[in-house]
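Enquirer: no FASTA, just this:
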């Protein structure tokens, strides 16, 4: 059975739609597969401009954002998303390697719902926080 047709316990309508913006191919594939197995419907992009276009078309319930994307200021996506009324209320969870307080405070003050450092949580902990961000936004 092709990967995209794997049976998952939740129906497509019940799954949380996640847009994962990650420029590292290894991490993108790792989190895409793990989130799918955890019951999420996952869309991925490695570029913030194309990610914005994808967000407008896939209507995610939560966006998981690597703030170390290659273009512009690392935090530009957080301000850009507010320009689109249909995306302004979508919670953004930052998933990063940056553990400094300045980055954490900046991300949260710019509207991120959560700030996760990859090494600080298990995958299950990350999935739980992503699901909570989406469900607490309903």
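Expert: Perfect, thanks for sending it. Worth saying up front: this structure is predicted, and the values here are computed from it rather than measured.

Enquirer: now residue 30, what's its secondary structure?
Expert: Reduced to three states with DSSP: H, G, I helix; E, B strand; the rest coil, the structure at residue 30 is helix.

Enquirer: Any figure for the gap between it and residue 121?
Expert: Per Cβ to Cβ, to the nearest Å, residue 30 is found 14 Å from residue 121. The way it works is simple: take the backbone N, C-alpha and C, and place the C-beta from them, glycine included.

Enquirer: likewise residue 84?
Expert: Residue 84 is 29 Å from residue 121, by Cβ to Cβ.

Enquirer: Tell me the secondary structure at the closest residue to residue 60 other than its chain neighbours.
Expert: Leaving aside its sequence neighbours, residue 60 sits nearest to residue 19 (Cβ to Cβ, 6 or more residues apart in numbering; 3.9 Å). Under three-state DSSP, the three-state class of residue 19 is strand.

Enquirer: Report the contact partners of residue 19.
Expert: Residue 19 makes contacts with 43, 44, 45, 51, 54, 55, 58, 60, 62, 63, 64, as judged by Cβ atoms under 8 Å, 6 or more residues apart in numbering.

Enquirer: tell me the SS of the second one?
Expert: Per three-state DSSP, the local secondary structure of residue 44 is strand.

Enquirer: Renumber starting at 32 from here on
Expert: All right, first residue 32 from here; so that's residue 75.

Enquirer: Run a quick neighbour tally on it.
Expert: Other residues within reach of residue 75 by the criterion other Cβ atoms under 10 Å amount to 17.
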